[in-house]
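Student: structure for the following, please:
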Amino acid sequence: MADKKHSHEDCKKNILAVHDAMDVLNGKWTISIIAVLCFHQQRRFSDILADVKGISNRMLSKELKEMEMHKLVKRTVQDTQPITVLYELTEYGRKLQSVINNLSDWGHEHRKKVMGK
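Tutor: From the prediction side, this is the model:
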């Protein structure tokens, strides 16, 4: 009986951890932005805007600020004319690389299964 209780508690803790992760990753565009930054080390705002189809300037700015707050993204302002702002994943944010790789692999498999492509 103790094993079942322990197993139930582990399950509750794991579900809570998933909820915590989803709270951080819940923005409509967050995972897409993370994917862009996983596949490109650094990106300018305009590059991310072009890479994430359908996102607006305002929404990208909002998402990047939230991602900075959660320590996923680092913003670097370069003293150039005009000023260049680069975004990259922090070391902490790069821990999501395996999640993005797994999502990509699953997405390819799902596309083949559903669309035959």
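
Student: from now on I want contacts and neighbour counts done on CA atoms only, so please keep to that.
Tutor: Will do.

Student: in three-state terms, label Leu60 for me.
Tutor: With DSSP: H, G, I helix; E, B strand; the rest coil as the basis, Leu60 sits in helix.

Student: and the biggest helix by length in the chain, how far out from the chain middle?
Tutor: The longest helix of the chain (DSSP state H) is helix 2-25. Between the centre of helix 2-25 and the centre of its chain there are 21 Å (Cα atoms, centre = their mean, to the nearest Å).

Student: what sits up against that helix?
Tutor: Contact with helix 2-25 is made by Ile31, His70, as judged by Cα atoms under 8 Å, 6 or more residues apart in numbering.

Student: got the CA coordinates for that helix in PDB?
Tutor: Extracted C-alpha coordinates of helix 2-25, given in PDB (Å, rounded to 0.1, in the frame of the first residue of the first chain):
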ATOM      1  CA  ALA A   2       2.900   2.400   0.800                       C
ATOM      2  CA  ASP A   3       4.100   1.900  -2.800                       C
ATOM      3  CA  LYS A   4       0.800   3.100  -4.200                       C
ATOM      4  CA  LYS A   5       0.700   6.100  -2.000                       C
ATOM      5  CA  HIS A   6       4.300   7.000  -2.900                       C
ATOM      6  CA  SER A   7       3.500   6.500  -6.600                       C
ATOM      7  CA  HIS A   8       0.500   8.700  -6.300                       C
ATOM      8  CA  GLU A   9       2.500  11.400  -4.600                       C
ATOM      9  CA  ASP A  10       5.200  11.200  -7.300                       C
ATOM     10  CA  CYS A  11       2.500  11.500  -9.900                       C
ATOM     11  CA  LYS A  12       1.100  14.600  -8.200                       C
ATOM     12  CA  LYS A  13       4.500  16.200  -8.000                       C
ATOM     13  CA  ASN A  14       5.200  15.400 -11.700                       C
ATOM     14  CA  ILE A  15       1.900  16.800 -12.800                       C
ATOM     15  CA  LEU A  16       2.600  20.000 -10.700                       C
ATOM     16  CA  ALA A  17       6.000  20.300 -12.400                       C
ATOM     17  CA  VAL A  18       4.300  20.000 -15.800                       C
ATOM     18  CA  HIS A  19       1.800  22.700 -14.800                       C
ATOM     19  CA  ASP A  20       4.700  25.000 -13.700                       C
ATOM     20  CA  ALA A  21       6.400  24.400 -17.000                       C
ATOM     21  CA  MET A  22       3.200  25.100 -19.000                       C
ATOM     22  CA  ASP A  23       2.700  28.400 -17.000                       C
ATOM     23  CA  VAL A  24       6.100  29.600 -18.300                       C
ATOM     24  CA  LEU A  25       5.700  28.200 -21.800                       C
END
